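*Asks:* Quick check, what structure comes out for this input:
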Amino acid sequence: MRHLIDPADFTLEETLSLMDLADRIHDDPAAYKDVAARKRLATLFYEPSTRTRLSFEAAMLNLGGQVLGFPDAGVSSASKGETVADTIRVISCVADIAAMRHPKEGAPLRASRYSRIPIINAGDGGHSHPTQTLLDMMTIRQRKGHLDHLTIGFCGDLKFGRTVHSLIKSLSRLPGMKFVLISPEELRVPDYIISEILEPNNIPYVETRSMEEALPDLDVLYMTRVQRERFFNEEDYIRLKNSYVLTKEKLALAPADMPVLHPLPRVNEITLDVDDDPRAAYFDQVQNGVYMRMALIMTLLGLKDPKTGEVAFNVEG
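*Replies:* Sure, this is the predicted structure:
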C-alpha cells in the first residue's frame, strides 16, 4: 500500500507514468467509467474547499465509485475532540481510499501511520498540496510540450503557498530548471526551499520584487493569492494583499506562449480581462485536476488501466 503525502513520495518516473495515465483519461474519459465500481472514497476535509473536494468527488464518481465523508471539521467528530488517528481507524473500516485536507501540517502523514487504506494529502496547512502539483505539472506539459529546461516564475504569496512549495520540489528533479521567485520580502519563499532544495541541487534561482522585470524571460508564470487565512494579523494582510496584480497590460510584456497558472481561488491578483487571453491556463488546471485525481485513485487502489491492461506503477509495499 502506498500513500501520497508529499510530492517526493513518488519517483519522477512514477510521476510521469501517472501523468501519462491522466492524459489517456483526458483523451477518452468514457473508457474509465466503471474502473472503480464498488470502491469508496472518503473525503475528510477539516478545512473549507471548493475545487479540491469537488474534484476528488467528481473523479471517483467518473470512475464509477462512491463518495462519503465530511466537508469541514465542524460536522465531524473532530468537533467532539476525536483525534486524526482515531478518525482514520474508523474510516478504514468503511472506505477503500481517503483524501484528507487539514489546517495542521503533518496531519495526513499522521493519519497514514494508523490507516489501513491509502491516504492522499489534499493539502495540509502551508506545507504541501501534492495533487495540485500533479495537475500543475500536467497542465505545464500540455502547454509547453515538456517539463524540463523551463524558467518558471512564482508570484505572490511564496511563504504560505503550499502549492508553490510542492511544485518547486517536484520540478527540481527535472534537468535545466530555473526559478524566478517574485514576492514582497514578508512573503518570500521559506528558507528551507532554498537551503534544502535549490542550492544543494545547484538549481539557479532569482528572488525579485518586480513582476514586470521578470515577465519577458519566463516560460511559465504561476500566480498565487495572498492567503488571508494564514495571517495572524489583519493589518499585515491588508498591506500585502494587492502586492501583485496581473493585468492584460502587464501580460503584454510576456512571451506569446507563456501560460499563466493559478491554483485558485483568485481574489484580485488576476484581472478578469486576462481570462480571454489564450495564455490563461487556470481553468484548464481545474479540468486536469479531475483527470489527474482519477489516475491517482486508480493507481493507489491498484486498478488496471483498461487501455493498457496495467497499473500506472506498482503500489505494493
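*Asks:* okay, CA-based contacts and neighbour counts for the rest of this
*Replies:* Noted.
*Asks:* next structured bit after the lowest-mean-pLDDT helix or strand in the chain?
*Replies:* In the chain, the helix or strand scored least confidently by mean pLDDT, DSSP states H and E is helix 234-240, which has a mean of 58. Remark: after helix 234-240, the chain's next helix or strand is helix 248-251, criterion DSSP states H and E.
*Asks:* List the contacts of that following helix.
*Replies:* Residues outside helix 248-251 that contact it (C-alpha atoms under 8 Å, 6 or more residues apart in numbering) are 212, 215, 271, 273-274.
*Asks:* can you tell me the helix or strand for the residue nearest to the spatial centre of the chain?
*Replies:* With distances taken as C-alpha atoms, centre = their mean, the residue of the chain nearest its centroid is Gln132 (1.3 Å). Element membership of Gln132, judged by DSSP H and E, is helix 130-144.
*Asks:* Extract the CA atoms of that helix and return them as CSV.
*Replies:* Coordinates of the C-alpha atoms in helix 130-144 are reproduced here as CSV (Å, rounded to 0.1, in the frame of the first residue of the first chain):
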residue,chain,number,x,y,z
PRO,A,130,0.8,17.1,-3.9
THR,A,131,-2.3,16.5,-6.1
GLN,A,132,-2.3,20.2,-7.1
THR,A,133,1.3,19.7,-8.0
LEU,A,134,0.4,16.8,-10.3
LEU,A,135,-2.3,18.7,-12.1
ASP,A,136,0.0,21.7,-12.4
MET,A,137,2.7,19.6,-14.0
MET,A,138,0.1,18.0,-16.3
THR,A,139,-1.0,21.5,-17.4
ILE,A,140,2.5,22.8,-18.0
ARG,A,141,3.4,19.7,-20.0
GLN,A,142,0.2,20.1,-22.1
ARG,A,143,1.0,23.8,-22.8
LYS,A,144,4.8,23.6,-23.3
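*Asks:* Report the rounded mean pLDDT for that helix.
*Replies:* Averaged over helix 130-144, pLDDT sits at 97.
*Asks:* Please work out the average pLDDT along the helix or strand just after that helix.
*Replies:* Per DSSP H and E, the first helix or strand lying C-terminal to helix 130-144 is strand 151-155. For strand 151-155, mean pLDDT is 97.
*Asks:* Note down every partner strand of strand 151-155 and its orientation.
*Replies:* strand 178-182 (parallel), strand 220-223 (parallel) (DSSP bridges).
*Asks:* now the shortest one, how far from the chain's geometric center?
*Replies:* Same thing as strand 220-223. 14 Å (C-alpha atoms, centre = their mean, to the nearest Å).
*Asks:* residues in contact with it?
*Replies:* Under C-alpha under 8 Å, 6+ apart, the answer for strand 220-223 is 140, 150-156, 215, 258-263, 269-270.
*Asks:* Same question for the longest one.
*Replies:* In this structure, residues lying in contact with strand 178-182 by C-alpha under 8 Å, 6+ apart are 149-156, 158, 188-189, 203-211, 214.
*Asks:* which among those residues end up buried?
*Replies:* Buried residues within those, counting neighbours by 16 or more other C-alpha atoms under 10 Å: 150-156, 158, 188-189, 203, 205, 207-209, 211, 214.
*Asks:* pLDDT averaged over stretch 254-273 - what is it?
*Replies:* 94.
*Asks:* what does stretch 168-177 give?
*Replies:* 96.
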